[in-house]
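[1] I would like to see how this sequence folds:
(2 chains)
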2 protein chains.
Amino acid sequence: MNIKQVLKIVSVLLLIISFFMLIPVFIAFYYDEVEVVKSFLIPIFLILIFFVLMLFLTRDKSRNIMSTREGFLFVTLSWIFASLFGALPFFLSGSIPHFTDAFFECMSGFTTTGASILTNIESLPKSILFWRSLTHWLGGMGIVVLTVAIFPILGIGGLQLIKAEAPGPTLDKITPKITETAKILWYIYIVLSITETLLLMAGKMTLFEALTQTFGTMATGGFSPKNRSIGHYNSAYIDIVITVFMIMAGTNFILYFRLITGKWRNIINNAELKAYLLIFLVSTVIITFNLHGRVYNSIGNSLRYAGFQAASILTTTGYSTTDFEKWPAISQIVLFILMFIGGCSGSTGGGIKVVRIVTLFKQGINEMKYLIHPRGIFSIKISGTKVKKDIVYAISGFVFLYLFMLLLTTLVVASGGNDILTSMVSALVTLGNIGPGFGKIGPAENYAFYQDYIKWFLSFAMMTGRLEIYTVLIILTTTFWKK
Amino acid sequence: MNIKQVLKIVSVLLLIISFFMLIPVFIAFYYDEVEVVKSFLIPIFLILIFFVLMLFLTRDKSRNIMSTREGFLFVTLSWIFASLFGALPFFLSGSIPHFTDAFFECMSGFTTTGASILTNIESLPKSILFWRSLTHWLGGMGIVVLTVAIFPILGIGGLQLIKAEAPGPTLDKITPKITETAKILWYIYIVLSITETLLLMAGKMTLFEALTQTFGTMATGGFSPKNRSIGHYNSAYIDIVITVFMIMAGTNFILYFRLITGKWRNIINNAELKAYLLIFLVSTVIITFNLHGRVYNSIGNSLRYAGFQAASILTTTGYSTTDFEKWPAISQIVLFILMFIGGCSGSTGGGIKVVRIVTLFKQGINEMKYLIHPRGIFSIKISGTKVKKDIVYAISGFVFLYLFMLLLTTLVVASGGNDILTSMVSALVTLGNIGPGFGKIGPAENYAFYQDYIKWFLSFAMMTGRLEIYTVLIILTTTFWKK
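    Sure, this is the predicted structure:
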């Protein structure tokens, strides 16, 4: 384990982030928020110092190979350091005077969670709000590359259904392939982002609002520059555009690549996509009928609010168009159940992921078949491909650790004197990178009231959930550090 | 599939149950409740008719072999028929005037759940209360035999860690072994029951109360003839006796057999027992410190109430000595987490079971080791025995179906307009055979207010949970009925 080498690559990543920090600087000038500029320049300067320091400390250029173990450390440290430096603009500008809160908000951004400690969002400078939303977009970008190109190499918890062939012990061997994949995925990500921005501007949003809301959508993040989230606009057109783009952001990005290369069959046969859309449709229909006549008089409005909220929770975005805590019980429970599922693998969505749910469901059915025919041979097929037992194994281990982290986080939140529902949902929506939930952290509330230690633990939960549990927990084992 | 043959064996089981129905008849005479007697004689008479009818319909004596499939059907139908006939005394005596309620109460009894629809328990005739508690004891007896002797043959969801060697396709081959095992287990069950009864009588309980409370303890059921459950007695001695016996009832009964035969090493090395006691101790300690100074002034009283409630929920008994819904948040969350765990395999306890949790936990840790050393070989050992992959497979399938049933039940309860906490906890405590929970079904409340369809579904959930999920769900698959 060469920690210095890992930190050096982290510093390169920070350098890229510092480049993006220049955008809010321009915005600050544009909106005449000159006093905020130095809050961005200081972290940029600190990152530069960190980068030069790491360059100086690791002058041995011969070793640019990263082992799998160093890979895990790199990924985890990236999110921690990005949040530490990324929190500085919030903290230094006085927008979030308490550093714990600033770190929480930034981790929530980079993990595309969208849980906020802000009580009056609209009172902040535009440049700060832009940076807040930009952390979503950058985090989402990182996640797409991680899940599609890097996690399969690290062998994370059965997210890949077919294990990468001969992945090799080091990351560098496939660097050209990663770079290539990453480029295509980012291209798709950027094209979708531009499209949404233009569509939102067509709905009479300013460029600033269209961009920030797009960042929140495409990253399935949920930060909004408006106190009332998307409900602020009260526009059916905007609701529909964002619903569609949330669903698109929760879809495996590889499928867009297939779409471009004309491999329709691959898309139509994709079991995860089918299950994902089915879950979305079924929940939307249930909520629509539950809302109709009870909350909204027209079926159209019921459908509009139901579809938006189902998409928002399923994709783990966390936007809201109304306070769904005031909805009838069935609608609330459907949203609660969606909180356990999450988006597709290879998307910016969080949660357990649809493909894992589908695999375990088929596994459960298979076990019943074995009970009836103990000598039969039943295999699990996903999208027509047989799933190896090792993958099912990895998935079950993942889901168990996910539930374990869920209960642990619940316990920590409860230790602050919070009720069962608030504690459990706080755990569920931070670990699943959703954002708002039920109880004291409903869509009309925020995380500000939590004690500091709970905010730190929830930041940890957001990171653990975002990095597929294993990546973070593995670093806490003794085996990881041995020899 | 020979359904008539299955029903015949069910009728034999009912005949045994009808024999036990004679006990409350005597009690009715003793307590001068003569008007209730016919409410027991009618079901006894109906069972006799059913038995003779089945005898008449299945005169072909050559076929006394039961296939695995018929085994699943037999087990499920046993619980349904026992609850149908067992509900009649409640219904006919007018103690529970609504049949849905009577069935719910009886299913809750036979599944050793302890969820009640009664609002004033003490107003019922003694004989009816005795029958109510007796269903627990009989259900517990059935479960011990099922989990130790029959489920392993049916190959249920990895409850057995080492698959029965050459189980053979039919149940009859090992009948002598089953009969022998069953006899020893029942002997242990009866000896423990007598011991507890005597100890409770030493605590100044009447024979009637000592017996009924023992039935509730040994079966990890939770029905009490007192409105305030065990809190009625307000006696530290009784609390301690019942705490100890709840923990004993939640222990694998095979271990008592090992104890008798002097195989100490087997007990000391038992990983499930160690984990079970550790979970009990840790939760007791956390709750004790949380209660001390907040609810009770003395550490002794805090320990007494903490230990009792932790044991009651962990073992899935459901007795209470106080309204734990009024406890501080941490204590409540600890109890909430215990609701997911349950007792040991081969005990009368319900829930997911400790051995499954331990196995999946080790599986999760193993997956992390694989990530660090992709070429390493790591096996899961429980109590020094290597666990085969097939078992881990079966366990993960089980846990997933358990969670699936949990969410489905939550949705059904919510459809009646109930809040998230009440809906989820109702699902958790019926599926886990616990009884009381949080929200509208707290220890000071009951299930009477639910709509009929919810009561039927919760009865189904109690049965599904009690019969290890697979046994019931498998009957609902098309594969089961094919050919």
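[2] where in chain A is pLDDT low?
    For chain A, applying pLDDT under 70 flags the ranges A:60-65, A:152-153, A:155-178, A:483.
[3] hmm, try it at 50
    Residue ranges of chain A with pLDDT under 50: A:62, A:161-174.
[4] Longest helix of it, counting residues only.
    What stands out as the longest helix in chain A, according to DSSP state H, is helix A:175-202.
[5] Convert the C-alpha atoms of the helix or strand following that helix to PDB, please.
    Next helix or strand after helix A:175-202 toward the C-terminus (DSSP states H and E): helix A:207-218. Output of helix A:207-218 as PDB, limited to C-alpha atoms (Å, rounded to 0.1, in the frame of the first residue of the first chain):
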ATOM      1  CA  LEU A 207     -30.300  29.900 -17.300                       C
ATOM      2  CA  PHE A 208     -29.100  29.900 -13.700                       C
ATOM      3  CA  GLU A 209     -32.100  28.000 -12.500                       C
ATOM      4  CA  ALA A 210     -32.300  25.700 -15.500                       C
ATOM      5  CA  LEU A 211     -28.600  24.700 -15.000                       C
ATOM      6  CA  THR A 212     -28.800  24.100 -11.200                       C
ATOM      7  CA  GLN A 213     -32.100  22.200 -11.500                       C
ATOM      8  CA  THR A 214     -30.500  20.100 -14.300                       C
ATOM      9  CA  PHE A 215     -27.500  19.400 -12.100                       C
ATOM     10  CA  GLY A 216     -29.900  18.100  -9.400                       C
ATOM     11  CA  THR A 217     -31.800  16.000 -11.900                       C
ATOM     12  CA  MET A 218     -29.000  14.400 -13.900                       C
END
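[6] Tell me which residues of helix A:207-218 come out buried.
    Using 16 or more other Cβ atoms under 10 Å in any protein chain shown as the test for burial, helix A:207-218 gives A:208-218. (Glycine included, C-beta is placed from N, CA and C.)
[7] tell me which of those is nearest to chain B?
    For the buried residues of helix A:207-218, the minimum distance to chain B (Cβ to the nearest Cβ) is 25.6 Å, reached by residue A:216.
[8] ok, that closest one touching residue A:209?
    No. Counting by Cβ atoms under 8 Å, residue A:216 stays clear of residue A:209, with 10.6 Å between them.
[9] which parts of the stretch 1-150 of chain A sit against chain B?
    Taking Cβ under 8 Å from any Cβ of the partner chain as the test, the list of the stretch 1-150 of chain A residues beside chain B reads A:68-69, A:72.
[10] nearest to residue A:1, of those residues?
    residue A:69 (6.0 Å; Cβ to Cβ).
[11] hang on, isn't that closest one packed against residue B:372?
    Yes. Applying Cβ under 8 Å as the test, residue A:69 and residue B:372 come out as touching, 6.2 Å apart.
[12] Next, show the common contact partners of the two.
    Shared contacts of residue A:69 and residue B:372 (Cβ atoms under 8 Å, 6 or more residues apart in numbering or on different chains): residue A:480.
[13] Contact partners for the residue nearest the centre of chain A?
    Residue closest to the mean C-alpha point of chain A, counted by Cα atoms, centre = their mean, is residue A:112 at 3.9 Å. By Cβ under 8 Å, 6+ apart, the contact set of residue A:112 is A:136, A:139-140, A:143, A:219-222, A:316, A:348, A:350, A:433, A:466.
[14] same question, residue A:80
    Residue A:80 neighbours (Cβ under 8 Å, 6+ apart): residue A:463.
[15] which one of the residues of the stretch 1-150 of chain A next to chain B has the most neighbours?
    With neighbours taken as other Cβ atoms under 10 Å in any protein chain shown, the top of the residues of the stretch 1-150 of chain A next to chain B is residue A:72, carrying 24 neighbours.
[16] any idea what sits nearest residue A:337, other than its immediate chain neighbours?
    Nearest residue to residue A:337 in three dimensions, chain neighbours excluded: residue B:407, at 5.2 Å (Cβ to Cβ, 6 or more residues apart in numbering or on different chains).
[17] try residue A:368
    Per Cβ to Cβ, 6+ apart, closest to residue A:368 is residue B:474, 4.8 Å.
[18] For the one you found, the count of nearby residues, please.
    22.
[19] now it, what's its secondary structure?
    Classification of residue B:474 using DSSP: H, G, I helix; E, B strand; the rest coil returns helix.
[20] Do I have it right that it meets residue A:371?
    Yes. Counting by Cβ under 8 Å, residue B:474 touches residue A:371, with 5.8 Å between them.
[21] hey, what's in contact with both of these two?
    Joint contacts of residue B:474 and residue A:371 (Cβ under 8 Å, 6+ apart) are residue B:72.
[22] Quick one: residues contacting residue A:445.
    Here residue A:445 is in contact with residue A:436 (Cβ under 8 Å, 6+ apart).
[23] do you know how far it is from residue A:436?
    Between residue A:445 and residue A:436 the computed distance is 8 Å (Cβ to Cβ, to the nearest Å).
[24] which residue sits closest to residue A:255 in space, ignoring its chain neighbours?
    Closest to residue A:255 by Cβ to Cβ, 6+ apart is residue A:267, at 5.4 Å.
[25] Where does that neighbour sit, in terms of helix or strand?
    Applying DSSP H and E as the criterion places residue A:267 in helix A:264-268.
[26] does the nearest residue to residue A:97 once chain neighbours are set aside sit in a helix or strand, and which one?
    Closest residue in space to residue A:97, ignoring its immediate chain neighbours: residue A:91 at 7.5 Å, by Cβ to Cβ, 6+ apart. Using DSSP H and E, residue A:91 maps to helix A:68-92.
[27] Check which residues of the helix or strand just after that helix are buried.
    Next along the chain after helix A:68-92, taking DSSP H and E as the criterion, comes helix A:99-110. Neighbour counts over helix A:99-110 (16+ other Cβ under 10 Å) mark A:100-110 as buried.
[28] Kindly report the same for stretch A:277-296.
    Across stretch A:277-296, burial judged by 16+ other Cβ under 10 Å covers A:279-280, A:283-284, A:286-292, A:295-296.
[29] is it true that residue A:3 touches residue A:73?
    Yes. Checked against Cβ under 8 Å, the pair residue A:3 and residue A:73 is within contact range at 7.2 Å.
[30] Which residue of those two possesses the greater neighbour count?
    More crowded of residue A:3 and residue A:73, by other Cβ under 10 Å: residue A:73, with 23 against 10.
[31] Quick one: the helices in the stretch 201-350 of chain A, in order.
    A:207-218, A:236-249, A:253-260, A:264-268, A:271-291, A:299-314, A:329-338 (DSSP state H, counting those that start in this stretch).
[32] Is it possible to get TSV of the ones you listed that adds distance to residue B:227?
    Listed next are those as TSV, based on distance: least, Cβ to Cβ, whole Å:
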stretch	distance to residue B:227
helix A:207-218	53
helix A:236-249	51
helix A:253-260	60
helix A:264-268	61
helix A:271-291	37
helix A:299-314	41
helix A:329-338	29
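[33] Just give me how far the strand or helix carrying residue A:404 sits from the chain centre.
    Assessed by DSSP H and E, residue A:404 sits inside helix A:389-414. Remark: helix A:389-414 is offset 17 Å from the chain centroid, using Cα atoms, centre = their mean, to the nearest Å.
[34] Packing partners of the very next helix or strand once past it?
    Once the chain leaves helix A:389-414, the next helix or strand it forms, by DSSP H and E, is helix A:420-431. Applying 3 or more Cβ pairs under 8 Å, 6 or more residues apart in numbering or on different chains; DSSP states H and E, one finds that helix A:420-431 contacts helix A:389-414, helix A:452-466, helix B:329-338, helix B:420-431.
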